[in-house]
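Chemist: All I have is the shape, not the residue letters:
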């Protein structure tokens, strides 16, 4: 297990309920056929019980072969989406300039450079993750840390740029190919260990020999509402995305990113509540007097209420 732990990107625990058959021993009274007397004897019967079973969920670190296969998968789908007529981010940015968009020539050049740097840094970080940190030289560790740091800066610059350009960049060929590749890594790196026994073996979350078979396993688990799948897929998808997009390698760093994401969600919900409360104030005291003046009986009830 120690050897496997080094290959983990991130792990967390869940619980599922399973029906198991147990042998239960109980005492019953029976008549002895020879003596004719009642005797207490023990009987063993099988009983079906529902138990909480702990399950460890984890994403493995990719091997060098998997990193290379993932790169190839991205390239194949990028070309497919381009042939379908989708533009890349760089192509879309250039088109915005040509049709008189908000980008000037300098913006277009800077964006193209940023996206090229993003791809290079991202591939470097993913390749470094194929090697255990304990086996890295000091130079390799420094390069990894610098690549992760640079990747964060580049992503922030691109995010600021794209936020100003609305959501048109969400439907580009490279974004869709990236999302496909994240799914590819998720299907190949997700594993679980059921139970706490020492001999419990790790199992692939999505069995299969290639992407198509693994994706079919994913669809079956979703359709059948598999308990392990339901309780883990959202977090697994989030972790896979964080890893691929930012190059985070350590459990503590993943937890820090998740906490920051939760804080952002909480702050957005708080802002929505604050915006809604002022709208309810005008409805607190409706004016009833003008409507009730023509009627005499309601006036008496109002006077009695005022005395009270």
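Modeler: Everything's here; your move. The model shown is predicted, which means the values in this text are computed figures rather than measured ones. Numbering: from 1, shown residues only.

Chemist: Excluding chain neighbours, give the residue nearest to the residue minimising distance to the centre of the chain in space.
Modeler: In the chain, the C-alpha nearest the mean C-alpha coordinate belongs to residue 238, at 2.5 Å (CA atoms, centre = their mean). Closest residue to residue 238 apart from its sequence neighbours, by CB to CB, 6 or more residues apart in numbering: residue 258 at 7.2 Å. In this view, the C-beta of every residue, glycine as well, is placed from N, C-alpha and C.

Chemist: Same check on residue 154?
Modeler: Leaving out its chain neighbours, the residue that sits closest to residue 154 by CB to CB, 6+ apart is residue 118, at 4.9 Å.

Chemist: after the helix or strand hosting that neighbour, next one along is what?
Modeler: Secondary structure from DSSP states H and E places residue 118 in helix 105-128. For helix 105-128, the following helix or strand on the C-terminal side (DSSP H and E) is helix 138-164.

Chemist: can you give me phi and psi for the residue sitting furthest away from the middle of the chain?
Modeler: Ranked by distance from the centre of the chain (CA atoms, centre = their mean), the top residue is residue 35, with 69.4 Å. When read as degrees, to the nearest 10, the backbone of residue 35 gives phi -90, psi -20.

Chemist: count of residues packed around residue 151?
Modeler: Using other CB atoms under 10 Å, residue 151 is surrounded by 21 other residues.

Chemist: 703 is where my numbering starts, stick with that
Modeler: Shifting the count to begin at 703 puts that one at residue 853.

Chemist: That one - nearest residue in space that isn't next to it in sequence?
Modeler: residue 823 (4.5 Å).

Chemist: ok now do that neighbour, which residues does it touch?
Modeler: 849, 852-853, 856, 949 (CB atoms under 8 Å, 6 or more residues apart in numbering).

Chemist: neighbour-wise, which of those residues leads?
Modeler: Counting neighbours by other CB under 10 Å, residue 949 leads the contacts of residue 823 with 25 neighbours.

Chemist: Go ahead and confirm that one touches residue 829.
Modeler: No - if you go by CB atoms under 8 Å, residue 949 and residue 829 don't touch, sitting 10.3 Å apart.

Chemist: which element is the residue nearest to residue 940 on?
Modeler: With DSSP H and E as criterion, residue 960 is part of helix 953-982.

Chemist: Next: residue 931.
Modeler: With DSSP H and E as the criterion, residue 931 is inside helix 929-948.

Chemist: Can you spell out which helices and strands pack onto that helix?
Modeler: strand 710-733, strand 740-762, helix 807-830, helix 840-866, helix 875-891, strand 892-896, helix 913-925, helix 953-982 (3 or more CB pairs under 8 Å, 6 or more residues apart in numbering; DSSP states H and E).
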